[in-house]
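In: Provided below for reference: sequence and predicted model.
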Amino acid sequence: MVYDHVVFALGAVSNYLGMQNVQELAFDFKSLLDAIRIRNHVIEMFERADRETDPEMRREMLSFVIAGGGFAGVELAGALNDFSRGILADYPNLSPADVQVVVVHSREHILPELSESLGRYAQESMALRGVTFRLNCRLTDCRAGCVVLSDGEVRARTLVWTAGTAPNPLLKTLGIETDRRGAVVVESTMSVAGHPDVWALGDCAALKDGKTGAACPPTAQFALREARTLARNIRASVRGHALQPFHFDSLGALCVVGHHTACAELTVPFARQKSMRFRGLLAWLLWRGIYLGKLPGLERKIRVLTDWVIELFFPRDIVQTIDLR
Ligand SMILES: Cc1cc2nc3c(=O)[nH]c(=O)nc-3n(C[C@H](O)[C@H](O)[C@H](O)COP(=O)(O)OP(=O)(O)OC[C@H]3O[C@@H](n4cnc5c(N)ncnc54)[C@H](O)[C@@H]3O)c2cc1C
């Protein structure tokens, strides 16, 4: 196809670090469809476990292992733990002791993106609600019904991989420069060096901040701002004007850890080196408020808010959602 300007915004994919069995058996956690599939599978496991008479098999069905203790893994573990324990009331043959949510993380503390005190808070509050942490430990392999770790094995029918991502592998086939991870190397204006009509942004670009020189993290917070600068730069390029380097100071990070609690580290405006830390219910309310504000359109905001309110007062919905596979 002939083009005037082409923009690569292909995002990232899961990187299984060469573990073939994990790639075949683990659930991905990158998209809404992945989340729907995991939810459907969890409900399926509860349905089967409720009819199972062998206690070991029952526990295997209700053991959910999450590889990775970063934002995605921790938020998933918190939500999955709440969901699993919340739906137990619908399954009279199952007890809380049958349910196991395990987070496998290769470091000493979870949430390395946040300060250590918040990571510790998240870990302690999740552990109190029954989440198990296997720290300083790596997932090395898996087979049907068993997850193999560097320090032992866990019998489990569910493994979710959040421990590694890589830029979309398609980028390496395009004949443009990519870095060690496979991200497109771009100037601070987001154009590819030597190709003024080729651009890349978001998770698939190796972009350095034009003011600080720091690498831009693969988050939506940055990708959205990069998109605006890139659009302006294409317009400037068409009109023969100077291009603007990308610059953005992170607003901070929020992570929900389940049961109406979260931790948040927000950058203080006009004092970018300083941050404010919140945790517990206040951080959770902040998280909900910010994400509600970001949803596009009033109708969608009302739908989501209604759903959140219903969830506060009624038991968990255990209807499986349609999977358009
Ligand atoms: C579970 C999870 C939670 C997250 N939470 C947060 C958060 O709270 N805050 C935050 O800032 N960031 C968060 N992120 C990160 C954020 O989602 C990404 O940084 C952001 O989506 C990157 O935007 P992108 O446009 O580069 O890529 P994407 O949003 O991944 O978009 C890439 C698009 O390209 C499409 N595509 C892929 N291949 C092709 C192809 N060959 N042809 C055409 N289209 C193709 C894909 O289908 C996709 O729609 C989260 C990520 C995950 C996985």
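Out: Received, thanks.

In: any idea how many residues pack against Leu281?
Out: For Leu281, the count of nearby residues is 12 (other CB atoms under 10 Å). Just so you know, the C-beta spots here come from the backbone N, C-alpha and C atoms, and that holds for glycine as well.

In: what about it, distance to Pro92?
Out: 32 Å (CB to CB, to the nearest Å).

In: same check, this time on Phe46
Out: When Phe46 is compared with Pro92 (using CB to CB), they lie 12 Å apart.

In: residues contacting the residue lying closest to Leu111 once chain neighbours are set aside?
Out: With CB to CB, 6 or more residues apart in numbering as the criterion, Leu111 has its nearest non-adjacent residue at 4.1 Å, and that residue is Gly119. Residues near Gly119 by CB atoms under 8 Å, 6 or more residues apart in numbering: His109, Ile110, Leu111, Pro112.

In: ok, those vs the ligand, which is closest?
Out: Leu111 (12.6 Å; CB to the nearest ligand atom).

In: what confidence value was assigned to the residue in the stretch 201-325 of the chain that the ligand sits nearest to?
Out: Per CB to the nearest ligand atom, Gly202 is where the stretch 201-325 of the chain lies closest to the ligand, at 2.1 Å. Listed pLDDT for Gly202 reads 98.

In: got a list of what the most centrally placed residue in the chain touches?
Out: Note on the chain: the residue nearest the mean C-alpha position is Ala72, at 2.8 Å, using CA atoms, centre = their mean. Ala72 makes contacts with Phe29, Thr162, as judged by CB under 8 Å, 6+ apart.

In: can you verify it is assigned to a helix?
Out: Yes: assessed by DSSP: H, G, I helix; E, B strand; the rest coil, Ala72 belongs to a helix.

In: show me the shaky parts of the protein.
Out: Low-confidence segments of the chain (pLDDT under 70): 270-273, 323-325.

In: re earlier: number of nearby residues for the closest residue to the residue of the stretch 201-325 of the chain closest to the ligand other than its chain neighbours?
Out: Counting by CB to CB, 6+ apart, the nearest residue to Gly202 once its immediate chain neighbours are dropped is Ala223, at 3.9 Å. Using other CB under 10 Å, Ala223 is surrounded by 19 other residues.
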